[in-house]
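Asks: dropping a prediction and its sequence here:
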Amino acid sequence: MYDDRKFEVVPLPIDCDKYRIDRDSSKLKDGAKSLIHIGRFDDVKNQAFLIEIFKEYIKLVPDAKLTMIGTGDTWQ
(Lines give C-alpha, C1' and ligand atoms only; values in the text may rest on other atoms or scores of the structure.)
Protein backbone atom coordinates (compact mmCIF):
# COMPACT_ATOMS: atom_id res chain seq x y z
CA MET A 1 0.00 0.00 0.00
CA TYR A 2 2.80 2.43 0.84
CA ASP A 3 5.46 0.91 -1.43
CA ASP A 4 8.94 1.79 -0.19
CA ARG A 5 7.96 5.25 1.05
CA LYS A 6 8.68 5.91 4.68
CA PHE A 7 6.06 7.48 6.85
CA GLU A 8 5.65 8.36 10.49
CA VAL A 9 2.51 8.05 12.57
CA VAL A 10 2.03 11.21 14.62
CA PRO A 11 -0.02 10.55 17.76
CA LEU A 12 -3.07 12.71 18.35
CA PRO A 13 -2.07 15.41 20.87
CA ILE A 14 -5.60 15.59 22.31
CA ASP A 15 -6.88 13.45 25.17
CA CYS A 16 -10.12 12.38 23.46
CA ASP A 17 -11.47 10.85 26.67
CA LYS A 18 -11.41 14.31 28.24
CA TYR A 19 -14.00 15.49 25.69
CA ARG A 20 -16.05 12.31 25.40
CA ILE A 21 -19.77 12.99 25.55
CA ASP A 22 -21.80 11.03 28.08
CA ARG A 23 -25.11 10.84 26.23
CA ASP A 24 -26.92 9.85 29.43
CA SER A 25 -26.00 13.13 31.13
CA SER A 26 -25.91 15.33 28.03
CA LYS A 27 -28.80 17.20 26.49
CA LEU A 28 -28.40 15.27 23.24
CA LYS A 29 -31.34 13.22 22.14
CA ASP A 30 -30.78 9.69 20.89
CA GLY A 31 -29.51 9.86 17.33
CA ALA A 32 -28.74 13.60 17.52
CA LYS A 33 -25.65 14.83 15.70
CA SER A 34 -22.86 16.37 17.72
CA LEU A 35 -20.26 18.34 15.75
CA ILE A 36 -17.07 19.20 17.60
CA HIS A 37 -14.41 21.69 16.52
CA ILE A 38 -11.13 21.58 18.42
CA GLY A 39 -8.55 24.17 17.48
CA ARG A 40 -6.99 27.56 17.99
CA PHE A 41 -9.42 30.46 17.70
CA ASP A 42 -7.84 32.67 15.06
CA ASP A 43 -9.08 34.56 12.01
CA VAL A 44 -7.16 32.22 9.71
CA LYS A 45 -9.13 29.23 11.12
CA ASN A 46 -12.37 31.02 10.17
CA GLN A 47 -14.63 29.78 12.95
CA ALA A 48 -17.09 32.55 12.00
CA PHE A 49 -17.72 30.69 8.72
CA LEU A 50 -18.23 27.43 10.64
CA ILE A 51 -20.92 29.12 12.72
CA GLU A 52 -22.63 30.51 9.59
CA ILE A 53 -22.62 27.06 7.99
CA PHE A 54 -23.93 25.50 11.20
CA LYS A 55 -26.87 27.94 11.20
CA GLU A 56 -27.89 26.42 7.87
CA TYR A 57 -27.15 22.86 9.01
CA ILE A 58 -29.52 23.05 11.99
CA LYS A 59 -32.33 23.96 9.62
CA LEU A 60 -31.83 20.45 8.16
CA VAL A 61 -30.90 18.73 11.43
CA PRO A 62 -32.66 20.64 14.25
CA ASP A 63 -31.29 18.44 17.07
CA ALA A 64 -27.65 19.01 16.06
CA LYS A 65 -25.26 20.57 18.57
CA LEU A 66 -22.00 22.39 17.85
CA THR A 67 -19.24 22.39 20.46
CA MET A 68 -16.15 24.52 19.91
CA ILE A 69 -13.09 23.92 22.07
CA GLY A 70 -9.95 26.02 22.13
CA THR A 71 -8.37 29.36 22.94
CA GLY A 72 -6.81 32.09 20.89
CA ASP A 73 -6.97 35.66 19.67
CA THR A 74 -10.58 35.51 18.48
CA TRP A 75 -11.99 33.53 21.42
CA GLN A 76 -14.88 35.36 23.11
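Replies: Ah, there it is.

Asks: how much space between the closest residue to residue 68 other than its chain neighbours and residue 16?
Replies: Leaving aside its sequence neighbours, residue 68 sits nearest to residue 37 (C-beta to C-beta, 6 or more residues apart in numbering; 4.7 Å). Every C-beta, even on glycine, is put in place using the N, C-alpha and C of the backbone. Distance of residue 37 to residue 16, given as C-beta to C-beta, to the nearest Å: 14 Å.

Asks: so these two - more neighbours on which side?
Replies: residue 37 (15 against 8; other C-beta atoms under 10 Å).

Asks: pull up the pairing partners for the helix or strand encompassing that one, direction included.
Replies: Element membership of residue 37, judged by DSSP states H and E, is strand 34-38. Sheet pairing of strand 34-38 (DSSP bridges) gives strand 65-69 (parallel).

Asks: name the residues that touch the strand it pairs with?
Replies: Contacts with strand 65-69, where a contact means C-beta atoms under 8 Å, 6 or more residues apart in numbering, come from 19, 27-28, 32-39, 41, 47, 50-51, 54.

Asks: can you pick out the most distant pair from the residues you listed?
Replies: For the contacts of strand 65-69, the maximum inter-member distance is 24.8 Å, found between 32 and 41 (C-beta to C-beta).
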